[in-house]
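J.: Sequence and predicted structure, then a few things I'm wondering about:
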Protein chains: 4
Amino acid sequence: MMKPYPPAYYADYLHLEKVLDAQMPRSAQFGKPAHDEMLFITVHQAFEIWFKQILHELDSVRALFESDFVDETRVGVAVSRLSRIAEIQKVMIDQFRILETMTPLDFLEFRDFLSPASGFQSVQFRLIENKLGLKRAQRVDFNRTSYEKRLSDEHQRLLLQSESEPSLFELLEKWLERTPFLSFGKFDFWKLYERAVSEMLAADRQTIQTNATLSDAEKTKELDGIARIEQGFAAIFDEGKHQAAIDKGERRLSYKATQAALLILLYRDEPILHLPFRLLSVLIDIDELFTTWRYRHSMMVQKMIGVKIGTGGSSGHQYLKQTVDAHRVFLDLFNLSTFLIPRSALPTLPDAVRRELGFHYGNH
Amino acid sequence: MMKPYPPAYYADYLHLEKVLDAQMPRSAQFGKPAHDEMLFITVHQAFEIWFKQILHELDSVRALFESDFVDETRVGVAVSRLSRIAEIQKVMIDQFRILETMTPLDFLEFRDFLSPASGFQSVQFRLIENKLGLKRAQRVDFNRTSYEKRLSDEHQRLLLQSESEPSLFELLEKWLERTPFLSFGKFDFWKLYERAVSEMLAADRQTIQTNATLSDAEKTKELDGIARIEQGFAAIFDEGKHQAAIDKGERRLSYKATQAALLILLYRDEPILHLPFRLLSVLIDIDELFTTWRYRHSMMVQKMIGVKIGTGGSSGHQYLKQTVDAHRVFLDLFNLSTFLIPRSALPTLPDAVRRELGFHYGNH
Amino acid sequence: MMKPYPPAYYADYLHLEKVLDAQMPRSAQFGKPAHDEMLFITVHQAFEIWFKQILHELDSVRALFESDFVDETRVGVAVSRLSRIAEIQKVMIDQFRILETMTPLDFLEFRDFLSPASGFQSVQFRLIENKLGLKRAQRVDFNRTSYEKRLSDEHQRLLLQSESEPSLFELLEKWLERTPFLSFGKFDFWKLYERAVSEMLAADRQTIQTNATLSDAEKTKELDGIARIEQGFAAIFDEGKHQAAIDKGERRLSYKATQAALLILLYRDEPILHLPFRLLSVLIDIDELFTTWRYRHSMMVQKMIGVKIGTGGSSGHQYLKQTVDAHRVFLDLFNLSTFLIPRSALPTLPDAVRRELGFHYGNH
Amino acid sequence: MMKPYPPAYYADYLHLEKVLDAQMPRSAQFGKPAHDEMLFITVHQAFEIWFKQILHELDSVRALFESDFVDETRVGVAVSRLSRIAEIQKVMIDQFRILETMTPLDFLEFRDFLSPASGFQSVQFRLIENKLGLKRAQRVDFNRTSYEKRLSDEHQRLLLQSESEPSLFELLEKWLERTPFLSFGKFDFWKLYERAVSEMLAADRQTIQTNATLSDAEKTKELDGIARIEQGFAAIFDEGKHQAAIDKGERRLSYKATQAALLILLYRDEPILHLPFRLLSVLIDIDELFTTWRYRHSMMVQKMIGVKIGTGGSSGHQYLKQTVDAHRVFLDLFNLSTFLIPRSALPTLPDAVRRELGFHYGNH
């Protein structure tokens, strides 16, 4: 197809005059060229290019969720773009295999030249964390200074700004809280779900008590197990307890958003909840993949420098290892599995509700 | 460890001011911003960064083989660096999965803006092909013009220069031809191997002729099979026939180098042949991985644009598909499996020869 | 949670007494134990286990599409299960890397013991092909005998039966043909799409003719290009031509199903078309992944045995290589990209139609 | 090639009559068929098949190291087989992606039927751990009972027996202790290495003290860093301290084996140390990959069941998570990076030593 745009040349279009002119090993600069420094630079540049792409997708998804009304089309687009982030993450995790073709001894040849630069200073990675919804208070302390301190002034500004913008976590929470399906005419999801849980536990108790093959001691032990499960559920049936858990930092997602998320997980087969279900799923995936990336990173650092301190003077892989669990953003979604009940125990949706959750076509 | 070098800052060290300032979608420039063009740019830039790294390794390996005497240490380094190329290729193959999160309809939003730029114009990929050893005559013709014609003058110069330098294929061939172990005192590998092959075939014939369960027709068929196998071997026992195959373009590796490669494959368990064996193996891997990369590329293009012409006006995936097989460089190594014989049929090395192929330590 | 089922033991539940008692290297049986035969067996058993899982998913998806009315919930389930097949395929492709840790020389140690067994005889793989929709006529001939001839009588029966059942291709075709949205009140998708294509081509012609920078020769060349594109489209606007292409074996999907598939691809953002779009996408993925699997298989065989004949007496990798392209089932979906037009050129849906394609909730 | 063996049929050779007759979902047995239970079974069977293959390789490698003299050929074979284990592990890690296509809600449909079976009962996985060298004392306690208690009597016997056999760790340790190159005529590696370390630290101190740009406070801080590094090294220069660390369970590899491993890492470029270096590297890889597998496993379990107890009544993913770090076997090799020094600081090998470490050919 013809068009009036000036013709493009591959290298110009991709601005390779910049991209391929940015690999400048310091070992060569200082007169002691180390062959493998090029790899070290290339791998990190590849990470940063992917980080930029992730930010591009993340910003666009946040924009999609910023209005009060998010129609289905937008959720579909959000899911596609978040799925792309997940695919990028898979490649980023495998990139460590390339870096690991460099041996610790080869790294030693140029390690001193990098000091005190450190992956810790990647402003893009910190921006991704902030925009996903990592909270300052949640971050693992590093040498008792706040996370942005070792970055340039300009980068610090960018980070502070990103903290003031609504994160994907917050936007998602609000969107969940707006879900209209929790009660619907006479249908009260939460009440029905609570009753289903309580019936399920009562049936379990009954089964234990009437089981002739169990000794009294075994019965007591099994019943204790049921009691523990009941306590777990109690915490989500009582808004006060839920809030208390949030205050203690054990949970983060608001009570109403948690209810909505659970509804989506349990009734995900209804057409209108299909995309919302995929949205929650892909967010869980992204969180898990970043967790895995951090984990691989910490392993790689340990392999490369042992228990020495990192290039930035950090206590290296110990710090990274702590962030693996601490820096998770959508952990509450992950843990919702705790409160799922079997489809067979699930309250049936009234026809009127079911129709509302279906497509217009063929439904009138 | 302290040192007097000026301190490095992560973003400066990686020259991110260049790398991250090089993503400029033309769709936005021309007033019709298409979200996915950023991905298109990023993926291609990531490919180019890896191409540069591959060239870095390839050039260093070629340098290692450029002297007349290549000691074992150098072969070890070469194997490490070539293995790194293979790891990079695996990641590059998976990168297509990221690109495929873009749908054909989304590509259409900005496809016109790219014209006539095309991956065909990647000078780095062409350099990799040339430096590996792809010959001009071997290349698939594209619109009946030679492969460099659509590149800039500067890029054409680089390509022509690379054609005039010794390729990895040629350096390897010379290195193989220098192998001293083909005959060694009274040991004549080639004569012994030829006898082993002939004995093996004779035994096979005997087995068939004395097999009472076979009908005459079946015997004839089986014996025809043996005859065909014999012919295959004949072609490598006769230097004239080998040369004829080279002249017809059916083979490329010289007679002597082929003999040496076969020796290495058959006696790879001897210490001194261990690294040479790994060298041949990793070259086969690299060739196979580039073949797979081309294959995935052609699939992706077909998926993205169907049977339309590519952005560069090329007949798109048909061209790419033809290159999958045609552009292989180390196919002769790949095909050496044809001439392997079981270890049990292999001539035993005389003790004196075996000692020469071992380590000095403990050997005197 | 307690329940009255008899307690399960891990090894019994998985029937490991069968699964782990099925690795019996023939090399050991015949007194010449070859270490690597175990790997050969394990890899093939792993393939067969995954094949069985794929058949489990495939059969369930075919059942979902066998009724005249397929509601959205079923499409959602089908998409999940087909996506699972795609994930399995990715792992199966990577399994070749494990097999390739066996060298050709090691394979020679036990290769003779396998004869004439061959992967060609995998009845499960043939069943997958048939149930996806591979037609007998489409299969690459192997030694001029039909594909099932070298299998046992029982396996031949299974294959013939599978040919008589509706394949996923056929079920999909019927489901597409039932799509109600092609014309809808006054909305006639096909007429509007045809007009959009014709306007797009006219605009392209106009652009060329008024482009002052082009020479007459260049204009002619560009206009020829437009004419070729027009011919391509003509073939799908004319049911007769489409049928002729089907009769010649160039196409397979019926005219009406092709129209529906194109509608889905172009208007996939409408809620009701979201799942159908994912369905077409995952089928394209599965087809592509089997193609890649076949390709990797043929490469592996070539690497392992060179140009020798395969264990089953087959001309080995040449046969496999031919099947790579020939055995594709959903190629017509793949090629639909050819007929996509930019969203900007797409006819806008009337409000009434759009409402029908949306959810019931909030829509009345 | 003809041979007198009875012809093999693919399905018989692979004993598919067993392998494919072993998938028996309990949900169906108990009248509540759950589609996804098949996947659950298949994935676990695939894991067990690969475990068996890993045991096959592991046993063969242990046998290779069981004699007092391990020649180079055996080390080469060991490296190949261990590399195969690593490739299997990569596929096993990716298999979790397949299992994760099952949602927590789908798992709930059949979860009760599995109780109390649990992956904890996989005898093959426990055997792998024991044969690699995991010590009973090192294992994470599970509900305060020893790890074998919930397995069948026969399986307990197998485990106890495996504990009494020499593990790969122990065999490797002995092999390292036998390394003849630590002192060699007048060459005393350990003395030279200690001197090199001490010179390196002195030079670092000098650099700090003469650096005019540092304040006194900064100098003190930097010098403290050097002191800490020196202490780290001290622990490996003093056999008593090393033994104390072993007694406290902080280290495991014997003093002499540690020295030998360090020598191999530092002089890996010498021909005779090439294979030993690859051996240490692949053991580090295997350890890391099992660590990653355990990590992915724990993530998957958390995702699937939240904070509920596992099918075997275990506190599920918490237990798995603790094993990730605790069950590492070759951690000491991993941590050797701590004690590497740059090649430039490395003592040069005397010519006589270098000759001993080279090949016999061309060396006399």
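T.: Received it, and whenever you're ready, just let me know what you need.

J.: Show the residue spans covered by the strands in chain A.
T.: Taking DSSP state E as the criterion, chain A carries its strands at A:183-184, A:187-188.

J.: Contacts made by the first one with the rest, please.
T.: Contacts of strand A:183-184 from elsewhere in the structure, counted by C-beta atoms under 8 Å, 6 or more residues apart in numbering or on different chains, are A:Phe189, A:Trp190, A:Val353, A:Glu356. Placement of C-beta: from N, CA and C, glycine included.

J.: Okay, now the unreliable bits of the stretch 201-350 of chain A?
T.: Low-confidence segments of the stretch 201-350 of chain A, defined by pLDDT under 70: A:307-316.

J.: Spell out which parts of it neighbour chain B.
T.: Residues of the stretch 201-350 of chain A lying near chain B by C-beta under 8 Å from any C-beta of the partner chain: none.

J.: Neighbours of A:Tyr10, how many?
T.: Counted with other C-beta atoms under 10 Å in any protein chain shown, the neighbours of A:Tyr10 add up to 24.

J.: burial measure for the closest residue to it other than its chain neighbours, as a count.
T.: In this structure, A:Tyr10 finds its nearest non-sequential neighbour in B:Gln121, 3.6 Å apart by C-beta to C-beta, 6 or more residues apart in numbering or on different chains. Residues within reach of B:Gln121, counting by other C-beta under 10 Å, total 22.

J.: you'd agree B:Gln121 is up against A:Asp12?
T.: No: using C-beta atoms under 8 Å, B:Gln121 is not in contact with A:Asp12; the gap is 9.8 Å.

J.: list residues touching both of the two?
T.: Common contact partners of B:Gln121 and A:Asp12 (C-beta under 8 Å, 6+ apart): none.

J.: so how far is chain D from A:Gln121?
T.: According to C-beta to the nearest C-beta, to the nearest Å, A:Gln121 stands 19 Å off from chain D.

J.: Contact distance from chain D - what residues of chain A qualify?
T.: For chain A, the residues found near chain D under the criterion C-beta under 8 Å from any C-beta are A:32, A:103-105, A:108-109, A:225, A:229, A:232, A:265-266, A:268, A:281, A:284, A:288, A:291-292, A:295-296, A:299, A:302-309, A:334-344.

J.: Look up how far A:Ser60 lies from A:Glu173.
T.: Distance, A:Glu173 to A:Ser60, by C-beta to C-beta, to the nearest Å: 19 Å.

J.: And for A:Lys131?
T.: 11 Å.

J.: Please say which of the two ends up with more neighbours.
T.: The residue with more neighbours, out of A:Lys131 and A:Ser60, is A:Lys131; 22 against 14, by other C-beta under 10 Å.

J.: what sits against A:Arg251?
T.: Here A:Arg251 is in contact with A:His242, A:Ala245, A:Thr258, A:Asp332 (C-beta under 8 Å, 6+ apart).

J.: Would you mind finding the longest helix in chain A?
T.: Longest helix in chain A by number of residues (criterion: DSSP state H): helix A:271-305.

J.: That one: how far from the chain's middle?
T.: 6 Å (C-alpha atoms, centre = their mean, to the nearest Å).

J.: now stretch A:76-85
T.: Centre-to-centre, stretch A:76-85 and its host chain are 13 Å apart (C-alpha atoms, centre = their mean).

J.: swap in stretch A:322-339?
T.: Distance, centroid of stretch A:322-339 to centroid of chain: 8 Å (C-alpha atoms, centre = their mean).
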